[in-house]
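S.K.: take this sequence and fold it.
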Amino acid sequence: MRINEEMKMEDIQKVSLDILKFIADICEKEGFRYFLMYGTLIGAVRHNGYIPWDDDVDIMMPRSDYEKFLEYARTHKSRFGYYEIFNRQSRKDYIYGITRVSDSRYEIVKDDEKNCSMGIFIDIYPYDGLGDDRETALKKLTATRKYCNCIVDITRKEHHIPSTLNLKGKISHIVRYIKNRILGVGYFLKKIDDLREDYQFDSSRYVGPLMWFFTKPEKVLFEKRLFENPVKLKFEDREFYVPGDYHTLLTQEYGDYMQLPPVEKRIYHHNYKAFKKG
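M.R.: Numbering: from 1, shown residues only. Okay, the predicted model is just below:
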């Protein structure tokens, strides 16, 4: 299949926005809750659209709504057309604990990992109820972060041994890396999934991205009340749902989120190139 020239970031953003609109249309029609999150939420609040140097879209869904959305996708494949669901259930070579909705008319080429035939995509994070005990919830998220780091470590195209380690440390690092490669991605994703309990999002005091994250756990262990009374904010040419108390949520995770980062940090963070298929 012929691949055209590399796409510009503003064109990638337009494709991602179309995916977001498609998902939002389904969710709002079917009554599934969704919220803009992370850099996408900052973009809505601070820029009324994309952060100019941001290159992806992130949304979250409470676990029950997330599962309903995936079931809807499974039973309405014809409506999805060229949009494809990427998760561990749909593709065994997929490495993430979240779902991505991908536009198959495009192809991405990643610098540091295999892309399993994925096109331009947006991320959907399931948020799980984590009960009412903060310390127990933090322990679960801490374990998740460890397993996520293991997955990333064993799926990069190149493995780097920290130069700061002494000989004994390097040997230990290599042995651990080989062991984790043998265990494989599925092992660590199951370890993460095993952390889930029968806590419901709506009946828990604390909620969070139990399946996939990398920042400090205390930054993403949110009180469920922050998501109550959702409102809509403008993102590019349309309004989308955001958590009701998005200010407290963003302050907890990012601090002064209205302050622009230094110029040298205004860079795209995904290491991939995108192409339109011919």
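
S.K.: when you work out contacts or count neighbours from here on, use the C-alpha atoms and nothing else.
M.R.: Fine.

S.K.: would you mind putting the CA coordinates of stretch 14-23 into PDB?
M.R.: Provided in PDB are the C-alpha atoms of stretch 14-23 (Å, rounded to 0.1, in the frame of the first residue of the first chain):
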ATOM      1  CA  LYS A  14      -7.700  17.500  13.000                       C
ATOM      2  CA  VAL A  15      -8.000  13.700  12.600                       C
ATOM      3  CA  SER A  16      -7.800  13.200  16.400                       C
ATOM      4  CA  LEU A  17     -10.600  15.800  16.900                       C
ATOM      5  CA  ASP A  18     -12.800  13.900  14.400                       C
ATOM      6  CA  ILE A  19     -12.300  10.700  16.500                       C
ATOM      7  CA  LEU A  20     -13.200  12.600  19.600                       C
ATOM      8  CA  LYS A  21     -16.400  14.000  18.100                       C
ATOM      9  CA  PHE A  22     -17.400  10.500  16.900                       C
ATOM     10  CA  ILE A  23     -16.900   9.100  20.400                       C
END
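
S.K.: all strands for the stretch 151-278 of the chain, in order.
M.R.: 206-208, 222-223, 231-235, 238-242, 272-277 (DSSP state E, counting those that start in this stretch).

S.K.: between those, which gets nearest to Arg266?
M.R.: Arg266 lies closest to strand 272-277 among those, at 16.7 Å (CA to CA).

S.K.: what packs against that closest one?
M.R.: strand 3-6, strand 106-110 (3 or more CA pairs under 8 Å, 6 or more residues apart in numbering; DSSP states H and E).

S.K.: would you point to the one among those strands that's packed deepest?
M.R.: strand 106-110 (a mean of 20; mean count of other CA atoms under 10 Å).

S.K.: how far does it sit from the chain's center?
M.R.: 17 Å (CA atoms, centre = their mean, to the nearest Å).

S.K.: what do you get for stretch 21-35?
M.R.: 17 Å.

S.K.: next one: stretch 218-226
M.R.: 16 Å.

S.K.: before we move on, back to that, dump the helices and strands packed on strand 272-277 to CSV, plus distance to Cys116 and mean pLDDT.
M.R.: Shown next, in CSV, are these (distance: least, CA to CA, whole Å; pLDDT from 0 to 100):
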stretch, distance to Cys116, mean pLDDT
strand 3-6, 16, 77
strand 106-110, 10, 91
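
S.K.: adding distance to Gln13, write these out as a markdown table.
M.R.: As requested, the helices and strands packed on strand 272-277 are exported to a markdown table (distance: least, CA to CA, whole Å):
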| stretch | distance to Gln13 |
| --- | --- |
| strand 3-6 | 14 |
| strand 106-110 | 13 |
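
S.K.: brilliant, that's me finished.
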